[in-house]
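J.: structure for the following, please:
(chains A and B)
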Amino acid sequence: MQIDTHLQPAAAPSNESTPASSWKGVVRHLQLTPRAFLPMHAMPELTLIAGIGIEGDRYMIGREAGFYSHKPEAGRQVTLFEIETLWALQRDHHIALTPLEHRRNVTVEGVPLTHLVGRQFWLGDTLLEATRLSVPCRHIEEITGKSIFDPLINRSGLNCRILKGGVVRVGDVVRSE
Amino acid sequence: MARRGITTIRTIVRRIEPAGPGIKHLTLEDPDCWELPPARPGAHIDLSLPGGLLRTYSLCNGPQHHTRYEIAVKREPAGRGGSALLHDSIAEGDTIGVSLPRGGLALPPATRQIFVAGGIGVTPFLSAAAALLHRGDRNFVLHVLSHGTPPLARQLQPLLHAGLAVLHDTTAGRPDVASLIGPPRPNVLISCCGPAGMLDAFESAAAGWPADQLHLERFVPPPLLLDPAAKPYTLVLALSGRTLEVPAGMPMLDAIAQCGVDVPTSCGGGICGACKVRFIEGQVLHHDRFLTPAERQHTLMACVAGCAGGRLVLDL
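T.: Numbers count the residues shown, from 1 in each chain, chains lettered A, B, ... in the order given. Next up is the predicted model:
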C-alpha cells in the first residue's frame, strides 16, 4: 500500500526535537471508580503505583473489576482525557459531558494527548509512558445515555502505563519527559 | 478472571424484608456502598440469578437514593421460577449481578400524574412518588387496586396518610377505571401497571386519551429495540461445526457466543477491529467503519455486522 509521506513522522519521535516537547499542561480533574458500570468519583488526588495502576480503581492489577479487565493491558493502568474535548463536544455537538462521564482517570488541559503515543511524560511527580490512544466504546453510551461514540472517535483519551508512581493532585503540572 | 468480562453491576443483597402476602422487599447495594448507576423513577433492572435465569423488576425506591436499588418480588407459584428462587434461595449477603437500569417514568414538571396500580404493579409508582415528593411536587395521586392487604403497605402508608394514595379493595370487584382517570385533559399524564386484565380495562378507559399522555407497563420485560430491517438467518460456524438459527435482531456476537465460540471484542461499535472474523459464504451487512472495501469481501466485524440473506457461514 502506498502511504502519503506527509502522514508519517519525518523521523523517529524524539522528545527533544519536536513541537510536542514545547507544551506544558495541568491536571484539572481526577476520577476513579472501584468497579465496572459504577459512577466515577471526583478525587482531590490519586495514588499511582508503578506497573500496577491507581489505588482503588477498577483496573488496578489485583483488582480486575473493570469492564475490560478480562483483557489485561499495561496501558490501562492510568487513562487520560483532554478537557478540550469536553469543550468541543459542547461547542460542536451540544453534548454536555462532564469529567465524571468520560470514564478516564485524569482530565488534563493543555496536553496534546495524540502526540504522546510511544513517549514518556510527567504527570505531577509520576512518570508515564503512553501506550496507545483510547478508542470510544458503546459501553460508555450505555452508561451515560448520551450519543458520544461518534464524536469521540480519535479523541477518546490516552492509555498509559506507570513507570514511576506517586501521588497526583488536581493542579499538578503535566510536562514532557 | 472472567473470560468474557464483567457484564453486570455487582450488588449485595443487603436486606430482605417481608412486604405483604407472598412479597419480599430486597435492598441491593454495592459491596462498598458506592453509588450505583443512576436510574429514572420506576426504571427496570434485570437480575442475573443462579442457573442463568434473568428476571426483570421495577425499582420501587426513589432515584435520589443513589446507593441502593430496591425491588419487591411477589412469589408467583405458576411463574417461570425466578420469583420462587428469589424467595427461597437468595439470602441477605448474597451477591447478585444486575443490569444497568433502563426505561422508567418521565415526570415532567407542572403536570398532574395519575397512577393506577394493580397489586405488585405499585412498585414503579412508589419510585415515582418518592421522586416527586423529593422535588416538592405533590401534584399526583396513586390509586392502588388490591385484593385485600396491599403490597408494600409500610411504604404506602405515608402516601395514604397524606391523601396522595387511595386504596381500592377489589375483593368485591374492580372499581371503574374510567372514573379514576376522568376525561382527557391537558397537563395530565395517566399511567398504569398491573396484571393483563387490568391493563386491558385501563386501555379501554383511556381510549380517548392522546398517546403521549398515556403510559402502560406490563408485567413483562420491555421489548428491546430491534432494527426493523433485521431478518432471521442461519449461522454456520464452519470450523466448530455448529449451526444456530439466529432470530431477527440478535447481535451476531451473541449468536457466536451461544455456539460456545469466544470472539474478542472491545468497542462494540465497529471501529476498533477487535472482533474481525472471516466469512466463507453469505451476504453480509457491514455496519463498521474499520474494514476496507477489499477486506469486506471476506471479513466482517461481528459486533455490528448483520446478514442480508438466509445463511451466513463464518470461518470459526
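J.: what number of residues lie near A:Gly118?
T.: 12 (other CB atoms under 10 Å in any protein chain shown). C-beta coordinates here come from the backbone N, C-alpha and C atoms, glycine included.
J.: same check on B:Arg311?
T.: Residues near B:Arg311, counting by other CB under 10 Å: 13.
J.: three-state assignment of residue 46?
T.: All of this is about chain A. What DSSP: H, G, I helix; E, B strand; the rest coil gives for A:Leu46 is strand.
J.: wait, I meant chain B there
T.: strand.
J.: which parts of the stretch 201-316 of chain B sit against chain A?
T.: Within the stretch 201-316 of chain B, the positions near chain A by CB under 8 Å from any CB of the partner chain are B:Pro264, B:Ser266, B:Cys267, B:Gly268, B:Gly269, B:Ile271, B:Cys272, B:Arg289, B:Cys303.
J.: which two in those residues are spaced the farthest apart?
T.: B:Pro264 and B:Arg289 (18.4 Å; CB to CB).
J.: what about chain A, any weak spots by pLDDT?
T.: Applying pLDDT under 70 to chain A picks out residues A:1-21.
J.: so which residue is dead centre in chain A?
T.: A:Leu80 (1.6 Å; CA atoms, centre = their mean).
J.: what of chain B?
T.: Most central in chain B (CA atoms, centre = their mean) works out to B:His44, at 3.8 Å.
J.: what residue in chain A comes nearest to chain B?
T.: For chain A, the residue closest to chain B is A:Arg138, as judged by CB to the nearest CB, at 3.5 Å.
J.: per-residue confidence for B:Leu156?
T.: You'll see B:Leu156 listed with a pLDDT of 97.
J.: SS state for it?
T.: helix.
J.: now the helices for chain A?
T.: Per DSSP state H, chain A carries helices over the ranges A:83-93, A:138-144.
J.: highest average neighbour count across those helices?
T.: With neighbours defined as mean count of other CB atoms under 10 Å in any protein chain shown, those peak in mean count at helix A:138-144, which reaches a mean of 18.
J.: okay, it in PDB with CA atoms only?
T.: Provided in PDB are the C-alpha atoms of helix A:138-144 (Å, rounded to 0.1, in the frame of the first residue of the first chain):
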ATOM      1  CA  ARG A 138     -20.500   1.500  23.100                       C
ATOM      2  CA  HIS A 139     -20.300   0.700  26.800                       C
ATOM      3  CA  ILE A 140     -19.800   4.500  27.600                       C
ATOM      4  CA  GLU A 141     -23.000   5.300  25.600                       C
ATOM      5  CA  GLU A 142     -24.800   2.600  27.600                       C
ATOM      6  CA  ILE A 143     -23.700   4.100  30.900                       C
ATOM      7  CA  THR A 144     -24.100   7.800  30.100                       C
END
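J.: for chain A, what lies in contact range of chain B?
T.: Within chain A, the residues that sit near chain B (CB under 8 Å from any CB) are A:33-39, A:41, A:64-71, A:135-139, A:142-143, A:149, A:153.
J.: so, low pLDDT: which residues of chain B?
T.: For chain B, the ranges with pLDDT under 70 are B:1-4, B:219-226.
J.: would you list every one of the helices in it?
T.: Under DSSP H, chain B gives helices at B:82-88, B:123-134, B:153-161, B:177-181, B:196-205, B:252-258.
J.: how far does the fifth one sit from its chain's centre?
T.: By that I understand helix B:196-205. 21 Å (CA atoms, centre = their mean, to the nearest Å).
J.: ok, residues contacting that helix?
T.: B:116, B:118, B:121, B:145, B:174, B:176-178, B:180-181, B:192, B:194, B:216, B:218-219 (CB atoms under 8 Å, 6 or more residues apart in numbering or on different chains).
J.: and if we set it to 7 Å?
T.: Here helix B:196-205 makes contact (CB atoms under 7 Å, 6 or more residues apart in numbering or on different chains) with B:Val116, B:Gly118, B:Leu145, B:Arg174, B:Val177, B:Ala178, B:Ile181, B:Cys192, B:Leu216, B:Arg218.
J.: could I have the buried ones of the residues you listed as ChimeraX selection syntax?
T.: The ChimeraX command for the buried members of the contacts of helix B:196-205 (criterion: 16 or more other CB atoms under 10 Å in any protein chain shown) is given here:
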select /B:116,118,145,177,181,192
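J.: for chain A, what is the nearest residue in chain B?
T.: B:Gly268 (3.5 Å).
J.: burial count for that residue?
T.: 21.
J.: and the strands in chain A, which stretches?
T.: Using DSSP state E, the strands of chain A run over A:24-32, A:41-42, A:45-49, A:53-54, A:78-82, A:106-109, A:120-123, A:126-133, A:158-164, A:166-169, A:173-176.
J.: the third one to strand A:158-164, inter-axis angle?
T.: Going by axes from the mean of the first three to the mean of the last three CA atoms, to 10 degrees, strand A:45-49 is angled at 70 degrees with respect to strand A:158-164.
J.: so what strands line up beside strand A:45-49?
T.: Sheet pairing of strand A:45-49 (DSSP bridges) gives strand A:53-54 (antiparallel), strand A:166-169 (antiparallel).
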